[in-house]
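*Asks:* Everything below, folded, please.
(2 chains)
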2 protein chains.
Amino acid sequence: MTIPSDLDISRAAALRPIDEIAAQLDIGPHLLEPYGRQVAKVSLDAIEELADRPAAKYVLVSAVTPTPLGEGKTTTTVGLGQALRLLGHRSAVAIRQPSMGPTFGIKGGAAGGGYSQVVPMEALNLHLTGDMHAVTAAHNLLSAMLDNHLHKGNELDIDPQRITWRRVLDVNDRDLRSIVTGLGGPADGAPRQTGFDITAASEVMAVLALSNSLHDMRRRLGRIVVGYARDGSPVSAEQLRAAGAMTVLLREAIKPNLMQTTENTPVFVHAGPFGNIAHGNSSVVADRIAGRCSDYVVTEAGFGADMGAERFFNIKCRTSGLRPDAAVLVATVRALKAHSGNHRIVAGRPLPPELLAENPDDVLAGADNLRKQIENIRLHGVSPVVAVNAFPTDHPSEHAAIREVAEAAGARVAVSSHFLDGGKGAKELAEAVVEAASEPSRFQLLYPDSADLRTKIDTVARQVYGADGVSYTPAAARSLRDYEANGFGTLPVCIAKTHLSLSSDPGLLGAPTGWTLPVREVRASVGAGFVYPICGDMRTMPGLGSHPAAERIDIDEHGQVVGLS
Amino acid sequence: MTIPSDLDISRAAALRPIDEIAAQLDIGPHLLEPYGRQVAKVSLDAIEELADRPAAKYVLVSAVTPTPLGEGKTTTTVGLGQALRLLGHRSAVAIRQPSMGPTFGIKGGAAGGGYSQVVPMEALNLHLTGDMHAVTAAHNLLSAMLDNHLHKGNELDIDPQRITWRRVLDVNDRDLRSIVTGLGGPADGAPRQTGFDITAASEVMAVLALSNSLHDMRRRLGRIVVGYARDGSPVSAEQLRAAGAMTVLLREAIKPNLMQTTENTPVFVHAGPFGNIAHGNSSVVADRIAGRCSDYVVTEAGFGADMGAERFFNIKCRTSGLRPDAAVLVATVRALKAHSGNHRIVAGRPLPPELLAENPDDVLAGADNLRKQIENIRLHGVSPVVAVNAFPTDHPSEHAAIREVAEAAGARVAVSSHFLDGGKGAKELAEAVVEAASEPSRFQLLYPDSADLRTKIDTVARQVYGADGVSYTPAAARSLRDYEANGFGTLPVCIAKTHLSLSSDPGLLGAPTGWTLPVREVRASVGAGFVYPICGDMRTMPGLGSHPAAERIDIDEHGQVVGLS
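*Replies:* Model (predicted):
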């Protein structure tokens, strides 16, 4: 069986004018700013204007620990949103905006897939309304003002050796990871080692995602720490007088983008913070708006539940004050088989044929990961629903194995074929989600603001990751002391570790025990509002492969995009 | 007398919905893509759809050699467009998009000024529809694919020492002028000296401006030369398989942006090529569309007539096939006084008080520059109209002096007070332009494609600049030979020299004679379609001042932008 490419399905979808999509949410035209015919920005005035409407049920989509291929979380998010509409509920989907680096790098477009896509996929994957570029511009303006401050006399006495602020671009470019700027002569600045990250990894992107309003964003941008003075005190964007101009550059970007699915379900697409070193969730303002103009908001968090969901609960919900009502855990037969340790999946290579053979025992052998991720949802008082994202190569006995494990762990479970069947393939899942969300919410944060940073890290490591404890390098321990001395100790933590294991070692599958979380260094995104301990190598600027997706992307004789997926 | 700030005038303007502005041009809604409420992109389908309509009169706005302050060319362009409407003609204005680097650097917003502005100025100055960012993205994708090609085995045998392609960002950042990339280790590329230019200086921007269609842009992008192989042959973006993806990144950016003036005159804002090393004119496609849906298209070329107008005629019109009907030369009392050599004007400092005293003799003493620039328009067979851009500090005797010089040189002349009075202040100018444009066009290019590169350079230097001849460094002479051997000899030339003198020495005012144009090196923008000899230091990445405009830009308590002008 062959199904058309994502791009072809996207083009064939019967799109409705975006004001009709907004009308489904009772969002009036005065709150809409059209960008092209099929995308609109929604004014933040909506937050106040809709404040009296009843709150929607708030549903998170997370996953088991994924393979390098990903397990279809965005597709499930879209399919679930579509299915809720089929059941007669007003639903809205909220996701992150894809980064153009990977689009032209490995993977082509990313917008869900098959018959559960956000459309038009060209708009979603290419610039959209320019939010990523606005983040790039705001970030790099601060970089330029920082180096200019050094050049013009360094009144703040910034230590050039302790500058932490780099530059960003939305492109996969390994040669920009480590560079020396300011060469050429005295008129061209002063030599300094620095580098570029991909825009999604910018703290400005994390600020955009976590801000509750334009003015909240203004304050957070001002709090960004760019480095340290020679006396050790932190230097902020406010002190460099950059935060106002940065806010002005972001004044459109802070408004969520409204699109639609292949079945015309409203989708808020907003912000794209990097899951490696930031919280990896879509924006607070999008969820706040969506949460007052629908019955169900379905939102996605990056990576497995130990990463994205934990940060969704303890960083995003802590910041927004919103309380989730249910959490979907996407599981696939291939991921659980991989967690058995009997198979090896490599991105960009075909799946090993033996992985596709009927083998419910391997599914059961890898099920510890699913059990632990169910527990991770429960830890926060939220009802878990396991969504088996069905593939044509799956076998009924394997689905039954997942169902057995999930039910034994007390979770609801449903098999979903939204990729091939769109919303109607996710109806069983939607029914389970409606049930789960109807239970009274007992949502709780895992730790209070007042706990010290080591306690916060220790709590996540032990309770969520299943570690025996945490070890710190001397540098990491010193940073934690400095941050607490500087007043950053009340921030939540965003632990940067591999997403391919519950542990910090990507080779440890299933639900590893008997290990210690090694914190190599600790950094702070003071503006966004979290401290991030780094465990292992965290790459913040991807490279291109031997044959990047860009080589296949072009226009055809009619000017249409080809090769995007 | 005080008039409100540009930003306040912009906010107070009674804007009409952008579809009504388009309707003034008989551009139907099917050709419009709204971006927010007050800006729309115009589909390139308009070129074909409007092809049967009568061609508009095509009016260029240029200037005498300006002072470092600029002489109000954009303001005059806008005022003239407004005045033509008041006379009952359907007019359209076409200008470049401002670069955000200078907006946050020295000058704040740029959109004309006073009562002759393009509005809303926040939209114009901040991102607009993202075209600049699309150029940045396309340019840097090519950069990343180039370095990736070296990293993955260098199949094309590119000589790392002869790479000419750099990276770009739309920010003033001196520390990026000269950098070393690829540090860090073997997985992070290979060390190489390179740098960033401002986005306006990107060849991709010049390509965008000079393309006649989407497919023409695709071909030009493919022809971009990024460097040379070890055997000396040029290496193109096509060979790196980047041109298709670059085109896809630019597929919205190639559509002109429609805005309006403070008096609701339609304005096409499109492309922003750097006047220093590129042709510095707005886009061909905007002029092609505007030229079929109005009676008069008023378009602007950067710098004085020796620079912008010469390139408009010999590069832009050569490429588009459009023929200008009249050319306005903006002159100011202060500029002609400065050309007398008796006054010194420095950007960012107040005008010297003695410059403001009544002194028609100094105006006459500087008038050689005006005479030569009138001749430069005439050389191309186009009727010149001198527009005296009036300032409140001018004296009638000084205006009379300019009028005397212009009329003696056979040009029409009008005093214009559009800054203070909007369109009605430019009525006399509009009447003179209508007269001039009603004469039969005798437009001619200054040199044929078939002339060799030295002849082209020599022709512009002698006939337009008034040089005695041209000297070449050995490197420049070698480049010219190489370019001709590579088949680039049929391209027009875009001479990069100071805009502050007719000569290549910014200190030589008036109309200098007895000098030789020194060509230090020669580069080629093969994709855009010109060879550019460089005479003197051409900075392609500005820096920030001690107190950049960004420090004053912020939002107020209502979320409105403050400090942009």
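
*Asks:* And the strands in the stretch 101-250 of chain A?
*Replies:* Secondary structure of the stretch 101-250 of chain A (DSSP state E, counting those that start in this stretch): strands at A:112-113, A:116-119, A:158-163, A:167-169, A:179-181, A:192-194, A:196-198, A:225-229, A:234-236.

*Asks:* tell me the domain ranges of chain A?
*Replies:* A:6-129+A:253-438, A:131-247, A:453-534 (automatic domain parsing).

*Asks:* Chain B: which of the strands of the stretch 101-250 of chain A is closest?
*Replies:* strand A:179-181 (4.4 Å; CB to the nearest CB). For glycine as for every other residue, the C-beta is placed from the backbone atoms N, C-alpha and C.

*Asks:* tell me which strands and helices the closest one is in contact with?
*Replies:* Under the contact definition 3 or more CB pairs under 8 Å, 6 or more residues apart in numbering or on different chains; DSSP states H and E, strand A:179-181 sits against strand A:192-194, strand B:179-181.

*Asks:* is stretch A:119-139 anywhere near chain B?
*Replies:* Yes - using CB under 8 Å from any CB of the partner chain, stretch A:119-139 comes into contact with chain B via A:126-127, A:129-130, A:133-134, A:136-137.

*Asks:* between these, which is closest to residue A:29?
*Replies:* Nearest to residue A:29 among the residues of stretch A:119-139 next to chain B: residue A:129, at 17.3 Å, using CB to CB.

*Asks:* Contacts only, for the closest residue to that closest one other than its chain neighbours.
*Replies:* Nearest residue to residue A:129, sequence neighbours excluded (CB to CB, 6 or more residues apart in numbering or on different chains): residue A:35, at 4.5 Å. Contact analysis of residue A:35 by CB atoms under 8 Å, 6 or more residues apart in numbering or on different chains lists A:41, A:128-129, A:257, B:34-36.

*Asks:* Quick check: phi and psi at residue A:35.
*Replies:* Note on residue A:35: backbone dihedrals following degrees, to the nearest 10 are phi -130, psi 100.

*Asks:* So what pairs up with it in the strands?
*Replies:* Counting by DSSP bridges, residue A:35 is bridged to residue A:39, residue B:35.

*Asks:* Distance check, it against residue A:382.
*Replies:* For residue A:35, the distance to residue A:382 (CB to CB, to the nearest Å) stands at 35 Å.

*Asks:* what distance separates the top helix by length along chain A from the centre of its chain?
*Replies:* Looking across chain A with DSSP state H, the single longest helix is helix A:131-151. Distance, stretch centre to chain centre, for helix A:131-151: 23 Å (CA atoms, centre = their mean, to the nearest Å).

*Asks:* pLDDT (mean, whole number) over it?
*Replies:* Summarised as a single mean, pLDDT over helix A:131-151 is 98.

*Asks:* Would you mind putting the domains of chain A into a markdown table with distance to residue B:304 alongside?
*Replies:* Supplementary listing: those in a markdown table, determined by distance: least, CB to CB, whole Å:
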| stretch | distance to residue B:304 |
| --- | --- |
| domain A:6-129+A:253-438 | 36 |
| domain A:131-247 | 26 |
| domain A:453-534 | 45 |
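
*Asks:* So what touches the helix or strand containing residue A:454?
*Replies:* In the assignment (DSSP states H and E), residue A:454 maps to helix A:453-459. By CB under 8 Å, 6+ apart, the surrounding residues in contact with helix A:453-459 are A:446-447, A:451, A:469-470, A:472, A:480, A:483-484, A:489, A:491-493, A:495, A:517, A:519, A:522, A:531, A:533.

*Asks:* out of those, which are buried?
*Replies:* Among the contacts of helix A:453-459, the ones that count as buried by 16 or more other CB atoms under 10 Å in any protein chain shown are A:446-447, A:451, A:470, A:472, A:480, A:483, A:489, A:491-493, A:495, A:517, A:519, A:522, A:531, A:533.

*Asks:* Let's see which of the residues you listed end up in helices.
*Replies:* Per DSSP H, the buried ones among the contacts of helix A:453-459 map to helices at A:480, A:483.

*Asks:* ok, how many other residues are close to the closest residue to chain B within the stretch 151-300 of chain A?
*Replies:* Closest contact between the stretch 151-300 of chain A and chain B, by CB to the nearest CB, is at residue A:244 (2.8 Å). For residue A:244, the neighbour count with other CB atoms under 10 Å in any protein chain shown is 23.

*Asks:* my read: it touches residue B:556, true?
*Replies:* No - using CB atoms under 8 Å, residue A:244 is not in contact with residue B:556; the gap is 9.8 Å.

*Asks:* Residue A:332 contacts residue A:391, correct?
*Replies:* Yes - shown here, residue A:332 and residue A:391 form a contact pair, counting by CB under 8 Å, at 6.8 Å.

*Asks:* Give me the more crowded residue out of these two.
*Replies:* Neighbours were tallied for residue A:332 and for residue A:391 using other CB under 10 Å; the higher tally belongs to residue A:332 (26 against 16).

*Asks:* and the residue of the stretch 401-550 of chain A found nearest chain B, helix, strand or coil?
*Replies:* Nearest residue of the stretch 401-550 of chain A to chain B: residue A:550, at 3.8 Å (CB to the nearest CB). Classification of residue A:550 by DSSP: H, G, I helix; E, B strand; the rest coil places it in helix.

*Asks:* Mind listing the residues bridging to the nearest residue to residue A:244 once chain neighbours are set aside?
*Replies:* The shortest distance from residue A:244 to any non-neighbouring residue, by CB to CB, 6+ apart, is to residue B:554 (2.8 Å). Note on residue B:554: beta-bridge partners by DSSP bridges are residue B:562.

*Asks:* pretty sure residue B:554 contacts residue A:251?
*Replies:* No - contact between residue B:554 and residue A:251 fails when scored by CB under 8 Å: they sit 10.6 Å apart.
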